[in-house]
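Asker: compute the structure for the input listed below.
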Amino acid sequence: PIHFTNLIYDGHLYTLTYKWPGVPNNPCSDVGPFTLEDLNKGLESARFVGDKAYLVTFRVVDPFFIYDLSNPDQIVAKGELKVPGYSTYLHPVTSKLIFGLGLDSGTWPRRVKASLFDVSNPALPVEVGTLVLGDSNSWSEALWEPHALTFYPVTAADGGKATLVGVPVGADIKLLSIAD
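Answerer: All right, here's what the predicted structure looks like:
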């Protein structure tokens, strides 16, 4: 199978594709200096937000990459962060925060992990929060089905803003609150 994601930004179409290992005659995308085949890593998740592309690959640790797409003739790698585990889904919470859902490691036993990335400085992304959801060998339908997640913006009585995230974990639903 081949995974892909698209973005139309400022009149330009960007398509990022990734083929599963062993699928012949289907090239992977090149994004600036980043080539999936050259790095021999699998693309776990990708999210286009405005003129930025956020990519997660996986081998032993989670490389979280940020690319600047503002000049389509010169796509530039802006930042990289390596953290344990990997995210299979990325979602913008605000212009400065990206929510990631994935697993806490690539080996067994592993647990569902929620991450929050501060991308306010694209050259230096920071994982500002993590939360392990569930016990050893936990699972979530949201790891492979993004429609299983629910994002709901709320305003508190004091005027503060937050986003509630509903995450299925096993037979339960975990409700997370992310302050803006």
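Asker: do a quick rundown of the helices in this structure.
Answerer: Secondary structure of the chain (DSSP state H): helices at 36-39.
Asker: so where's it uncertain?
Answerer: 1-43, 57-62, 106-107 (pLDDT under 70).
Asker: now the residue nearest to the spatial centre of it. Nearest residue, chain neighbours left out?
Answerer: In the chain, the residue lying closest to the centroid (CA atoms, centre = their mean) is residue 90, at 3.0 Å. Spatial nearest neighbour of residue 90, chain neighbours left out: residue 47 (4.0 Å); criterion: CB to CB, 6 or more residues apart in numbering. C-betas here are computed from N, CA, C, even on glycine.
Asker: buried sites along stretch 121-139?
Answerer: Under the neighbour-count criterion of 16 or more other CB atoms under 10 Å, stretch 121-139 has 125, 127, 133, 134, 138 buried.
Asker: residues in contact with that stretch?
Answerer: Contact partners of stretch 121-139, identified using CB atoms under 8 Å, 6 or more residues apart in numbering, comprise 52, 64, 66, 68, 78-81, 83, 97, 104, 108-119, 140, 167, 169-170, 172, 174, 176.
Asker: buried subset of those residues?
Answerer: 52, 64, 66, 68, 78-79, 81, 83, 97, 104, 110-119, 140, 167, 169, 174, 176.
Asker: next, count neighbours for residue 103.
Answerer: 23 (other CB atoms under 10 Å).
Asker: for it, give its distance to residue 67.
Answerer: Relative to residue 67, residue 103 is positioned 24 Å away (CB to CB, to the nearest Å).
Asker: thinking again about what came up before, so which of the contacts of stretch 121-139 are in strands?
Answerer: Those of the contacts of stretch 121-139 mapping onto strands are 52, 64, 66, 68, 78-81, 83, 97, 112-118, 167, 169, 172, 174, 176, per DSSP state E.
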